[in-house]
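Enquirer: starting from these lines, generate the structure:
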Amino acid sequence: QVQLVESGGGLVQAGDSLRLSCAASGRTFSTYGMGWFRQAPGKEREFVAAINWGGSVTYYADSVKGRFTISRDNPKNTVYLQMNSLKPEDTAVYFCAARPRGTYVSALVSQYAYWGQGTQVTVSS
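Expert: You can find the predicted model right below:
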């Protein structure tokens, strides 16, 4: 069982940066693959970025590639999402998620077993 708590969201202007954090409970965090997803009002939850258990493999949605960076600190049981050059279309609730089979990355919502409660990111133009 893994519990996830996101933080770091807020209201920023277009072009600004934010860093989201996701703190995980449990001693098996280092074996989990982690992902960030987002959901805007009236839209489906969509994939943003993923990282494998050791941090050696990352994967990004085309919409954020080159602007966002996912990373993890296993001793701290934390995964991060550094978001640069934010755009109004990045406005959404951002969720982190964990999947037990952490060797590979995945962009599929269905492959993640544990989810945080989400943190709001709002980007004004």
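Enquirer: please, which helix or strand holds residue 123?
Expert: Per DSSP states H and E, residue 123 falls inside strand 119-124.
Enquirer: which neighbouring elements make contact with that strand?
Expert: With contacts defined as 3 or more CB pairs under 8 Å, 6 or more residues apart in numbering; DSSP states H and E, strand 119-124 has these neighbours: strand 10-13, strand 18-24, strand 92-99. For the C-beta atoms, the positions are set from N, CA and C on the backbone; glycine is no exception.
Enquirer: closest to residue 125 out of those strands?
Expert: Taking CB to CB, strand 10-13 is the member of those nearest to residue 125, at 7.9 Å.
Enquirer: do you know how far residue 44 is from residue 35?
Expert: 15 Å (CB to CB, to the nearest Å).
Enquirer: ok, the two, which is more surrounded?
Expert: residue 35 (28 against 8; other CB atoms under 10 Å).
Enquirer: what sits against the more buried one?
Expert: 47-51, 96-99, 105-107, 112 (CB atoms under 8 Å, 6 or more residues apart in numbering).
Enquirer: neighbour-wise, which one of those residues leads?
Expert: Among these, the one with the most neighbours (other CB under 10 Å) is residue 96, at 30 neighbours.
Enquirer: that one contacts residue 7, correct?
Expert: No - using CB atoms under 8 Å, residue 96 makes no contact with residue 7, being 10.1 Å away.
Enquirer: between the two, which contacts overlap?
Expert: Residues touching both residue 96 and residue 7 by CB under 8 Å, 6+ apart: 20, 22.
Enquirer: which non-adjacent residue is nearest residue 118?
Expert: residue 93 (4.2 Å; CB to CB, 6 or more residues apart in numbering).
Enquirer: ok, how many other residues are close to the one you found?
Expert: Residue 93: 18 neighbours (other CB under 10 Å).
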